[in-house]
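Student: 3D model of this:
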Amino acid sequence: MKNLYKKITLCAFAALPLGYSSCSDDFIQEELVAVLTQERYNSPEGLEELVNGAYEGLRFHFNYEWSYVLTNYGTDTFTNGGGTNHIKWNQYSSELDATERDNLAPYWNNMYAQINLANIGISKIPEVLAETPTLRDTRMGELYFFRGFNYYNLVTQFGDVPISTEPITTDRADFPRQPKADVFNLLIDDLTKAVEMLPTEETQEGRLTKAAARHFLAKAYLTRASELNAEITQPNDLQMAATLADQVISERSLAPNYKDIFNYTAVNGANEQLSEILLAAQFDNTQALLGRYGNQTHLYFLSVYRFFPGMTRNLADGREFQRLKPTDYGLDNFDRVNDSRFYKSFQTSYIAQNTNSVPRWTAATAPTPDLVGELKFNVGDTAAIYVVNEPDDMRFTPAYKSTLAPLVVARYVVDENGNQTTDYNISTYPSLLKYADPFRTNFNDAKGTRDGILARLGETYLIAAEAYGRMGDYNTALGYINELRERAAYKEGEDRGFVYYLTEPEVNYGVTTSTADAMQATEAFFTPGTPEANAQLYPAGSGSKADLFIEFVLNERARELMGEFYRWVDLTRTERLISRAKAFNPDAAANVSEKFTLRPVPQSYLDALKIDGASLSPSEKQAMQNPGF
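Tutor: This next block holds a predicted model:
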């Protein structure tokens, strides 16, 4: 799959409705070396280029700041860091409206560009590839998937959206929004056809399979069965979600170690070939094919480290855009003693790059007299560590921290006057390291090389668990959840690292016994009034056991999928965005309200829309807009 992206512009978008993105948008295209017409797609070669172009469209979700703005901002797990370029999406300020052009319009435009690409191929493939039925069906399955996938992205962000199932060959402006029930019907039908027509095994690295299509079809059924869509939920939605997820789980296997999924040790390396990965946008280090952006998600979750003693910006630790800071909930939702996903998701130590500003041992702090006057650490040693401790931890006084070689940056510290304070701030916090990319050309290069995961089996397990739990089968639901939690447990003999033992005082240094038993969840975790439920971080007033089960699943999704670009949709579809943002995201709490459970429809669409040949009046535009915007 890596070699599918050619230096060519796929002008399948040449005539799009309502000013949607066309080939002039540089975040869609590769390098312009030829301008194609619709006639190109009357040949097998042209259709092959068209389908490859649809795969290239998957990269959009990792290209730029819309990757996190539309998925992680304004939720319970992350808030804004010191990089304030798009914080209106996190703070739900009045500036977040239909005229926003940096993220809202590009997202809308790109989804429809990809939909039109799929429509062109779907209309031409049956005739052009009639003599090669196996290839015909595979390519049709791919395009049905892409159309359904893009409509899923639209309906979960905007609700009612325009439906287009025919190629657009002339300028058109008569595409009013259609009810979300119709959109779900279309995308579920498309994804069902994709399941039927796609192969079981990849025909080329990165190409679609039945497993990927089943995953997204299960997700679509679960989404339609969620609280936000209660008025259009169909009787068999949950069973379909469970059955489809079961099929995927039976065909694929989880990575043995949670760290394996994100352990990016080589371009196109082992972590990108895991059975767990069901679909990924393909990137590598071929500079000519990375386009303008590449995969830029490595930038956004990093806090500033370059001013620590012994540190400078470097490839391994990344370029710190400091956009996303984990909330206290995001950190405390983990059982950090027993759940390895925390320390395998966040960076808690930095290796010294130089000896600039490195302090020296004094007579009062040196562990042995011979070290007095020597540097506390050298190049290659640990320069700084993050301690994610509890509010009752009063150990980290200036005197105690001075006895440790690396700089200690602790969430709870005690100042010289005995008052508790913090070393954290808007630019200083543990960085999520799932997207670290040390294979860029240099430390300033934004073009990332690693694949962008769009679906993995860990989420399929959680889809199955949620579907079964919503049907009242908590035993089966817990079976799936506990498989993930067992993987997340520390294994017998697994070294947990110096920072772990320093931070978690209840664990003796060097203890490496398995934590699998402590990680097992039971119904008590979501049974109101139990100690286990009380120990979970739930918003106040969560209610019945069925309600608490959803809260528990959302907590578990936050642990398993931290920062993986699903969270805003998870909270809106379950109608938990407001309660959780108010409870756990202080920067979002003041302004979040019902209107923000859907995005504003782009003003550019409303301004171009015509009904019966006439542009909309201001009142008609308002009626076509989502409530509150």
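Student: most centrally placed residue in the chain?
Tutor: Centroid-nearest residue in the chain: Phe565, 1.8 Å away (criterion: CA atoms, centre = their mean).
Student: That one: what's it in contact with?
Tutor: Contacts for Phe565 (CB atoms under 8 Å, 6 or more residues apart in numbering) come out as His61, Ser67, Tyr68, Thr71, Asn72. To be clear about C-beta, it is placed using only N, CA and C from the backbone, and glycine gets the same treatment.
Student: switch the cut-off to 10 Å
Tutor: By CB atoms under 10 Å, 6 or more residues apart in numbering, Phe565 lies in contact with His61, Phe62, Ser67, Tyr68, Leu70, Thr71, Asn72, Thr297, Gly452, Ile453, Leu454.
Student: SS state for it?
Tutor: For Phe565, the assignment made with DSSP: H, G, I helix; E, B strand; the rest coil gives coil.
Student: Narrow the contacts of Phe565 to those in helices?
Tutor: Here DSSP state H is the test, and those give His61, Phe62, Ser67, Tyr68 as lying in helices.
Student: what's the burial count for the nearest residue to the first one once chain neighbours are set aside?
Tutor: The spatially closest residue to His61, leaving aside those adjacent along the chain, is Ser67, at 5.9 Å (CB to CB, 6 or more residues apart in numbering). Residues within reach of Ser67, counting by other CB atoms under 10 Å, total 23.
Student: And Pro398, by the same measure?
Tutor: Residues within reach of Pro398, counting by other CB under 10 Å, total 10.
Student: which residues does the nearest residue to it once chain neighbours are set aside contact?
Tutor: Among residues not flanking Pro398 along the chain, Glu416 sits closest, at 5.7 Å (CB to CB, 6+ apart). Glu416 sits next to Thr397, Pro398, Ala399 when contact means CB under 10 Å, 6+ apart.
Student: residues in contact with the last one?
Tutor: When the contact criterion is CB under 10 Å, 6+ apart, the partners of Ala399 are Ala364, Thr365, Val414, Glu416.
Student: repeat for the second one
Tutor: For Pro398, the residues meeting the contact criterion (CB under 10 Å, 6+ apart) are Val413, Val414, Asp415, Glu416.
Student: who does the second one bridge with?
Tutor: Put plainly, it is Val414. Beta bridges link Val414 to Gln420 when assigned by DSSP bridges.
Student: now the contacts of Pro398: which count as buried?
Tutor: Those of the contacts of Pro398 that meet the buried threshold are Val413, Val414, by 16 or more other CB atoms under 10 Å.
Student: Quickly note the distance from Thr200 to His298.
Tutor: Look at Thr200 and His298: by CB to CB, to the nearest Å, they are 33 Å apart.
Student: Equivalent analysis for Leu47, please.
Tutor: 34 Å.
Student: now swap in Gln536 and tell me
Tutor: Gln536 is 32 Å from His298, where distance means CB to CB.
Student: what about the two, which has more around it?
Tutor: More neighbours surround His298 than the other of Gln536 and His298, with 26 against 17 (other CB under 10 Å).
Student: Make sure I have this right: Ala383 is in a strand.
Tutor: Yes. Under three-state DSSP, Ala383 falls within a strand.
Student: what's the burial count for it?
Tutor: 26.
Student: wait, it sits on Ala405?
Tutor: Yes. Under the criterion of CB atoms under 10 Å, Ala383 makes contact with Ala405 at 8.9 Å.
Student: if I look at the two, which residues touch both of them?
Tutor: By the contact definition CB under 10 Å, 6+ apart, Ala383 and Ala405 are jointly contacted by Ala352, Val358, Lys376, Phe377.
Student: could those be laid out in CSV, adding distance to His86 and secondary structure?
Tutor: Shown next, in CSV, are the shared contacts of Ala383 and Ala405 (distance: CB to CB, whole Å; DSSP: H, G, I helix; E, B strand; the rest coil):
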residue, distance to His86, secondary structure
Ala352, 33, coil
Val358, 36, coil
Lys376, 39, coil
Phe377, 37, coil
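Student: where do the helices sit along the stretch 501-629 of the chain?
Tutor: Assigned by DSSP state H, counting those that start in this stretch, the helices in the stretch 501-629 of the chain fall at 516-519, 531-535, 545-560, 567-573, 577-584, 586-589, 603-608, 618-624.
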